[in-house]
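Student: Task: produce atomic coordinates for the following.
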Amino acid sequence: MDSKILNARKKEILAQQETMLAKATEAKAPLTDTEEATYSNLTKELDSINVNIARFDAIAKGRCEVGVPQQEVLVPANKGTSKFYALGASRIKTEVTSEYAEAFWNQFSDKNGHGHNLRTGKFDMAALGEGGTAADGSYLVPSQTDPSIPNLAIIEASARKLSRVITTEMDLKLPYQSAKATAAQKSESNNSGTNAFATNVPQFNTTTLTAYMGGDSIYVSWELMQDVKALAQFVTAELNRAVFVYEENAFINGNGSGAPLGYLNGATTFATEALNIGNILDLVAALNKQYYAGASFLFNRAEFHRLYKTQIAASQYQTWVTYDANGQARLLGFPVEFSSVMPTYVASPATNGAVLFGDFSAGWVIGDRGDSNIRVKVLDQPAAVNGQTIVLGYRRTDQRCILQEAVQLLTTSS
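Tutor: Residues are numbered from 1 along each chain as shown. Okay, the predicted model is just below:
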């Protein structure tokens, strides 16, 4: 380890402490006991790092001092020069022998890459080096692993952004209208008889927003946790990613039975048609205009590109599809969101794609039990006999539909 690695870790610690303080300031609350302990441990680690950095700097300074060359060779301008000098530590020039000068020049002219020895007229160039065999010194070269561990990128996910997200303390019944009142013509009441108004009352139903547990556990040996300081942060981020990916699939594809109800199983089915602008226009027309203000499309990005290619092929640039360098898109003026778990059309074996359009926040509710945080727990006892610690990440959540007509589904068959 050197001062460069220590300074990198110092930067990470300061950033982590700054984040903790900013979060507490924003919440207008003091640090929790756990956060106080974490902050204190980070401060102790920071003090230790500062001490070691100072030690490394002192060592480096000492090495520079003892590494000052005691003698410099003054190379004459050309081989024919008769005078050849060495410059000692006292900066006094000393003339060297003509044999040494000749041998010095000969080492550069040897086409075989060998030096010449003063006794034999050649310098011997054999030397220890890290690029050769183990005997030459390659095994002596120290190596290290970068202490940071980059996490793999998360999938594209939009369900939590599109749906309305609330927190629950228990199962919550959500009422919704299942049928509309219908008006009808009434004939006039007169002497020949009376005619009553139609009676078509609205109907209602409820759906239960419960909470389903989703998570993962990772077993880590005590040796690895102790030796790799960055592992704790990496494992926490990885568990967050795993829960997020699981939930996105449930919010898109869940069937509502012992699981959240996904968009594809709860939205209003519009049609199964080819993916082209004509059918997209029909999909937009199928949605009640009252939902247009909050409406957006939801695609798998590959399926959106398949639609975009038809625009390019027709030379219809910047008309009904717009796409910027950041991957943000609009279709017919409506924003386009993306999810990696939305289906895409495949010709063989035949698999249908899908496009969703509507106001998702009006039609769908996500309920997180307690709060919306992903809980991470460290269990050091259950696997202690094996010298392991279990890191567990989970969240309890559910999703239900309360306005089916708010989102329309186009299944793409080609």
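Student: Lowest-scoring secondary structure element of this protein by mean pLDDT?
Tutor: strand 71-74 (a mean of 50; mean pLDDT, DSSP states H and E).
Student: What are the buried residues along the longest strand along the chain?
Tutor: Within the chain, and with DSSP state E defining each element, the longest strand by residue count is strand 388-401. Neighbour counts using 16 or more other CB atoms under 10 Å place 388-391, 393-401 of strand 388-401 among the buried residues. Glycine gets a C-beta too; all of them are placed from N, C-alpha and C.
Student: Output the residues you listed in TSV, with pLDDT and distance to Ala184 appended to each entry.
Tutor: TSV is the format used below for these (pLDDT from 0 to 100; distance: CB to CB, whole Å):
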residue	pLDDT	distance to Ala184
Gln388	92	71
Thr389	89	70
Ile390	92	65
Val391	91	64
Gly393	92	57
Tyr394	94	53
Arg395	94	49
Arg396	94	47
Thr397	95	44
Asp398	95	39
Gln399	96	37
Arg400	95	33
Cys401	94	29
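Student: Identify, from those residues, the entry nearest to Asp324.
Tutor: Within the buried residues of strand 388-401, distances to Asp324 taken as CB to CB reach their minimum at Gln399, with 30.0 Å.
Student: show me what contacts the nearest residue to the closest one once chain neighbours are set aside?
Tutor: Taking CB to CB, 6 or more residues apart in numbering as the measure, Gln399 lies nearest to Pro260, with 3.8 Å between them; neighbours along the chain are not counted. Under the criterion of CB atoms under 8 Å, 6 or more residues apart in numbering, the contact list for Pro260 reads 212, 247, 250-251, 254, 366, 397-400.
Student: so Gln226 is in which element?
Tutor: The secondary structure element spanning Gln226 is helix 222-227 (assigned by DSSP states H and E).
Student: residues making contact with that helix?
Tutor: 231-232, 387-389.
Student: Between strand 388-401 and the next helix or strand after it, find me the angle.
Tutor: Stepping forward along the backbone from helix 222-227, the first helix or strand reached (DSSP H and E) is helix 231-253. Relative orientation of helix 231-253 with respect to strand 388-401: 20 degrees, computed using axes from the mean of the first three to the mean of the last three CA atoms, to 10 degrees.
Student: What pLDDT does the model give the residue most central in space within the chain?
Tutor: When the chain is reduced to its mean C-alpha position, the closest residue under CA atoms, centre = their mean turns out to be Ala153, at 3.7 Å. Reading off the confidence values, Ala153 has pLDDT 85.
Student: before we move on, what about Ile5?
Tutor: Ile5 is assigned a predicted lDDT (pLDDT) of 83.
Student: Got phi/psi on it?
Tutor: Per-residue torsions, Ile5: phi -70, psi -40 (degrees, to the nearest 10).
Student: what about it, how many residues close to it?
Tutor: Residues lying near Ile5 (other CB atoms under 10 Å) number 17.
Student: Nearest residue to it in space, ignoring adjacent ones along the chain?
Tutor: Nearest residue to Ile5 in three dimensions, chain neighbours excluded: Pro147, at 6.2 Å (CB to CB, 6+ apart).
Student: Equivalent analysis for Ser339, please.
Tutor: Per CB to CB, 6+ apart, closest to Ser339 is Ser158, 4.9 Å.
Student: can I assume the one you found is in contact with Phe338?
Tutor: Yes - contact criterion CB atoms under 8 Å: Ser158 and Phe338 qualify, at 6.2 Å.
Student: Show me the strands in the stretch 301-414 of the chain, by range?
Tutor: 321-323, 329-331, 334-338, 353-358, 364-369, 375-379, 388-401, 407-412 (DSSP state E, counting those that start in this stretch).
Student: Compare those and give me the one nearest Asn191.
Tutor: Ranking the strands of the stretch 301-414 of the chain by their distance to Asn191 (criterion: CB to CB) puts strand 407-412 first, at 50.6 Å.
Student: Does anything pack onto the closest one? Which helices or strands?
Tutor: When contacts are defined as 3 or more CB pairs under 8 Å, 6 or more residues apart in numbering; DSSP states H and E, strand 407-412 sits against helix 263-266, strand 268-273, helix 277-286, strand 353-358.
Student: Quickly name whichever of the buried residues of strand 388-401 is closest to Asp282.
Tutor: Within the set of those, Cys401 lies nearest Asp282; the separation is 22.3 Å, counting by CB to CB.
Student: Please report how far that closest one lies from Gln16.
Tutor: For Cys401, the distance to Gln16 under the criterion CB to CB, to the nearest Å works out to 40 Å.
Student: repeat for Leu275
Tutor: Counting by CB to CB - Leu275 and Gln16 are separated by 46 Å.
Student: more crowded one of those two?
Tutor: For Leu275 against Gln16, the residue with the higher neighbour count under other CB under 10 Å is Leu275, and the figures read 22 against 14.
Student: tell me, how many neighbours does the nearest residue to that one once chain neighbours are set aside end up with?
Tutor: On the basis of CB to CB, 6+ apart, the spatially nearest residue to Leu275 that is not a chain neighbour turns out to be Thr412, at 4.1 Å. Other residues within reach of Thr412 by the criterion other CB under 10 Å amount to 23.
Student: mind listing what Thr412 touches?
Tutor: 272-275, 303, 345, 352-355.
Student: how about a cut-off of 10 Å?
Tutor: Under the criterion of CB atoms under 10 Å, 6 or more residues apart in numbering, the contact list for Thr412 reads 271-276, 279-280, 299, 303, 306-307, 343-345, 352-355.
Student: Give me the buried subset of those.
Tutor: For the contacts of Thr412, a neighbour count by 16+ other CB under 10 Å gives the buried set as 273, 275, 279-280, 299, 303, 306-307, 343-345, 353-355.
Student: Many thanks, I have nothing further to ask.
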